[in-house]
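K.L.:
For reference, the sequence and a predicted model appear below.
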Amino acid sequence: MKKVALLALSASLLLATNGDNLIGLGAQSRAMGGVGIATFFGAENALSNPALLAKSKGTEINFGATYFAPDIKTNGSKSTADKNVIPEVSLSQELNNNWAYGIGMYGSAGMGVDFVDSGNASLMKAKTNLLLMKFAPALSYHNDKFSFGFAPVVQYGSLDISYNNGTSAIGEGSNDDFGLGFETGLAYDFNPNLTLGLVYKSAISMTYKHTLSTAGAGFGMTMSDELQQPATYGAGISYDLNNLNFSADYKKIKWGSATGYKDFGWKDQDVYALGAKYEKDGTWYALGYNYAKNPITNFSTTGFDTNAKLNSFNYIMFPATAETHYSIGAGTKITTNLSLDFDIIYAPKKTVSSVGYGGGTIKVEHTETSAAFSMRYNF
């Protein structure tokens, strides 16, 4: 699995959408702004709410990939970590009228920058790369109105941080780890047209030996090598009206209590997602919107204290500042069993200015464009 993750996610990443999490997993979800807690998408629900898998009929296999093209400019210099491909594979299998299982394997999060050749001394030749991949087998139960699902999660992660602090080169190279967690969800059909969903995703602890501690020491700070992907909980609602579906999700991402991120000063995020889809005769069209306030604290500082160091660490090396996303997508059946899905997401420019160590201004301009394509096969 480690080799698969490294091959699939070999590019330097900056996938800072909701923090460092993708706003949605799967072309249908992303086309609708990242909803999926109450909205049935088939095998893709193994990635959003496993409770909904039990609504699956027959067998579905989904292969997809997301292409990210982030545009990060810091103090006028553009990061060259601007091309990324993130894979995803999901499967669902109906066992009987009440039970189904599924599997999801997908790149779920990541971020990074590359200013090595920028020539801008204020950016310290910084190069960072965090990538995460999850493998989640899920089991789901459904009766006339109620659904429940559970998925243990195996997460692979890799982290690399290097820079020059003015006196020496800092960095120990890439280090990786595996972590364990779980995801669970509920769904309730009030009637054939209205569904409410709930989901909880546990925190997953990762330890990247000698990476964060070495990076922190170069700033004169003590940091743990543990970086915990935060717990997330959320609720969603889905309503069908003839050929239309309207969906809304709310999620809370607990950066503020996750080891590592809380030490960086990251705050919890409230994520709001809205989506609308029109579907008829095997073809669908969708629009979506997603918003979450930038989780990074912009510390007040004199320019020569720990707050200034954290501002430099966050806004130069991990500028997860994107907030608003607009999405559009479509899909169609090309045979009885095979469907193609596609989405495009655009995050308009978000500009943040902060004061870094030494008192200089750090100005981050962050824009994102991404596209996802997937093939679904039902039999």
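P.N.:
Arrived safely.
K.L.:
For the residue of the chain most remote from its centre, give its distance to residue 218.
P.N.:
Relative to the centre of the chain, the most outlying C-alpha is that of residue 167, 35.3 Å out, by C-alpha atoms, centre = their mean. Distance, residue 167 to residue 218, by C-beta to C-beta, to the nearest Å: 9 Å. (Glycine included, C-beta is placed from N, CA and C.)
K.L.:
cool, and residue 192?
P.N.:
Counting by C-beta to C-beta - residue 192 and residue 218 are separated by 59 Å.
K.L.:
more neighbours, the two?
P.N.:
For residue 192 and residue 218, the more surrounded residue by other C-beta atoms under 10 Å is residue 218, and the numbers stand at 21 against 7.
K.L.:
Need the per-residue pLDDT for residue 320.
P.N.:
Listed pLDDT for residue 320 reads 89.
K.L.:
Residue 19 is in contact with that one, correct?
P.N.:
Yes: taking C-beta atoms under 8 Å as the definition, residue 320 is a contact partner of residue 19 at 5.1 Å.
K.L.:
which neighbours do these two share?
P.N.:
residue 295 (C-beta atoms under 8 Å, 6 or more residues apart in numbering).
K.L.:
Give me the neighbour count for residue 299.
P.N.:
There are 16 residues near residue 299, going by other C-beta under 10 Å.
K.L.:
contacting residues around residue 114?
P.N.:
12, 79, 80, 81, 126, 127.
K.L.:
To which secondary structure element type does residue 117 belong?
P.N.:
coil (DSSP: H, G, I helix; E, B strand; the rest coil).
K.L.:
do the same with the one 5 residues further on
P.N.:
Secondary structure for residue 122, judged by three-state DSSP, is helix.
K.L.:
same thing with residue 214?
P.N.:
helix.
K.L.:
wait, is the residue farthest from the centre of the chain part of a strand?
P.N.:
No: applying three-state DSSP, one finds residue 167 to be coil, outside a strand.
K.L.:
Just read off the phi/psi values of it.
P.N.:
Dihedral pair for residue 167: phi -120, psi -30, per degrees, to the nearest 10.
K.L.:
pLDDT value on it, please?
P.N.:
Confidence score, pLDDT, at residue 167: 85.
K.L.:
same check, this time on residue 113
P.N.:
Confidence score, pLDDT, at residue 113: 91.
K.L.:
now residue 290
P.N.:
96.
K.L.:
again with residue 12
P.N.:
Reported pLDDT for residue 12: 39.
K.L.:
same check, this time on residue 73
P.N.:
pLDDT, residue 73: 94.
K.L.:
tell me the contacts of it?
P.N.:
Per C-beta under 8 Å, 6+ apart, neighbours of residue 73: 79, 364, 365.
K.L.:
Take those residues and keep only those in helices.
P.N.:
Here DSSP state H is the test, and the contacts of residue 73 give no hits in helices at all.
K.L.:
just those now: which is nearest residue 338?
P.N.:
residue 79 (38.0 Å; C-beta to C-beta).
K.L.:
quick one: the residue nearest to residue 54 when sequence neighbours are not counted from residue 124, how far?
P.N.:
With C-beta to C-beta, 6 or more residues apart in numbering as the criterion, residue 54 has its nearest non-adjacent residue at 3.2 Å, and that residue is residue 142. Residue 142 is 53 Å from residue 124, where distance means C-beta to C-beta.
K.L.:
now swap in residue 37 and tell me
P.N.:
Applying C-beta to C-beta to residue 37 and residue 124 gives a distance of 40 Å.
K.L.:
These two: which is more packed in?
P.N.:
residue 37 (31 against 24).
K.L.:
Please report phi then psi for the more buried one.
P.N.:
phi -70, psi -30.
K.L.:
what's near enough to touch it?
P.N.:
48, 49, 185, 197, 198, 199, 234, 235, 236, 249, 251.
K.L.:
And residue 254, how far from residue 19?
P.N.:
According to C-beta to C-beta, residue 254 stands 10 Å off from residue 19.
K.L.:
before we move on, the earlier item: are any of the contacts of residue 114 buried, and which?
P.N.:
With neighbours counted using 16 or more other C-beta atoms under 10 Å, those contain these buried positions: 12, 79, 81, 126, 127.
K.L.:
So what sits opposite residue 137 in the bridge?
P.N.:
As for beta bridges, residue 137 partners with residue 103 under DSSP bridges.
K.L.:
so it touches residue 105, yeah?
P.N.:
No: the pair residue 137 / residue 105 is not scored as a contact, 9.6 Å apart, by C-beta under 8 Å.
K.L.:
How far does the helix or strand that residue 195 is a member of sit from its chain's centre?
P.N.:
Following DSSP states H and E, one finds residue 195 within strand 194-201. Between the centre of strand 194-201 and the centre of its chain there are 18 Å (C-alpha atoms, centre = their mean, to the nearest Å).
K.L.:
Beyond the lowest-mean-pLDDT helix or strand in the chain, next helix or strand please.
P.N.:
Every helix and strand in the chain was compared by mean pLDDT, DSSP states H and E; the lowest is helix 2-8, with a mean of 36. Once the chain leaves helix 2-8, the next helix or strand it forms, by DSSP H and E, is helix 27-31.
K.L.:
What lies in contact with that following helix?
P.N.:
With C-beta under 8 Å, 6+ apart as the criterion, helix 27-31 contacts 22-24, 35-36, 39, 41, 44, 47-48, 64, 66, 275, 277, 284, 286-288, 327-331, 341-343, 345, 370, 372-374.
K.L.:
buried subset of those residues?
P.N.:
22-24, 35-36, 39, 41, 44, 47-48, 64, 66, 275, 277, 284, 286-288, 327-331, 341-343, 345, 370, 372, 374.
K.L.:
how many other residues sit next to the nearest residue to residue 161 once chain neighbours are set aside?
P.N.:
Using C-beta to C-beta, 6+ apart and skipping residues adjacent in sequence, the residue nearest residue 161 is residue 215, 4.3 Å away. Neighbourhood size, residue 215 [other C-beta under 10 Å]: 26.
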